[in-house]
Each structure stands twice: as C-alpha cells, then as structure tokens.
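Asks: Structure of the sequence below:
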Amino acid sequence: MRNIKAKDINRKWHLIDAKNKVLGRLTSEIAKILMGKNKSYFTPNLDTGDFVVVVNAKDVMLSGKKENQKNYYRHSGYPGGMRISTAAQVRVKKPEDLVKHAVVGMLPKTKLGKLMVKKLFVFPEAEHSYKDKFKS
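Replies: Residues are numbered from 1 along each chain as shown. Purely as a prediction, here's the structure:
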C-alpha cells in the first residue's frame, strides 16, 4: 500500500443537481465524495475528498410524511431556549440547511469532519458562484 501525502491529493469539483432527488440517498453520495471514499487512495486519517456544489436544494424530496413530521432541534443555551422546526418550515426559511444538516450527520465528528464540511457549497436555486470551476 502506498502512503499518500497531503500534497499528492488531487481535488476535483462535483456539481450535483438536487432537483427531485431523495434527501437521504443524495446526501450519502455527497458524504462519500467529501470523505474521498470514491478514490483509490482513500485514507481515513487524511482529508482526501473533493469539492461539492449542490444546486436546487429547495427541490429536494423527502419520502413519506417527513415533510411535516421530521423535526429539527436547536437550543439557544438559555432556559426554555429549545426551538423546534419541521422540515417544511426549514425548507421555506433556508432550504439549503436540509441538505447541509443531513450531510454533516454523515461525516466524522472530528476536526477532520469539520475540514470536509468546508468543501460543501449548497445553493437553493440553480445559480451558483462557482461556475468558473466547471469550465473545461
């Protein structure tokens, strides 16, 4: 087995259209790309993953009754500061958080996982600011 160094990692850019795709299946593929598991030189202790740009996040699908039954929790840190939102409310307010939250849950909860999340860019519409990365 060859030892890979950080300078030898070749990073690509992936553009993923989330329109009419199921959230869980989509985000598991995104997590694999961010971790670098799609590469032959995957190493668990290195960030070998690629950059991912997700567009049309507002059109991602949730299966079953999850749109109204799935809850997202956050807490302000103060007594009585628990805030609960359904997936439908999150989709209206900030649809890119649906995808980002699901992907973060699939990545390692370490410093390495935080580095991987920085390579994820989610946009609610088809317009994004990384068009120059995909011209070849």
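
Asks: can I get the CA coordinates of the helix or strand containing Ser85 in CSV?
Replies: Under the criterion of DSSP states H and E, Ser85 resides in strand 82-86. Listed next in CSV are the C-alpha coordinates belonging to strand 82-86 (Å, rounded to 0.1, in the frame of the first residue of the first chain):
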residue,chain,number,x,y,z
MET,A,82,-35.4,25.0,22.7
ARG,A,83,-36.6,25.7,19.1
ILE,A,84,-38.2,23.0,17.0
SER,A,85,-38.8,23.4,13.3
THR,A,86,-40.4,20.9,10.9
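
Asks: same for it, what does it pack against?
Replies: For strand 82-86, the contact count by 3 or more CB pairs under 8 Å, 6 or more residues apart in numbering; DSSP states H and E identifies helix 66-69, strand 71-75 as packing neighbours. C-beta: built from backbone N, CA, C; applies to glycine.

Asks: Could I get the full set of strands for the chain?
Replies: 13-17, 51-55, 71-75, 82-86, 120-122 (DSSP state E).

Asks: Save those as TSV, and put in mean pLDDT and mean neighbour count too.
Replies: Below are these laid out as TSV (pLDDT from 0 to 100; neighbours: other CB atoms under 10 Å):
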stretch	mean pLDDT	mean neighbour count
strand 13-17	96	16
strand 51-55	97	21
strand 71-75	96	11
strand 82-86	97	12
strand 120-122	97	21
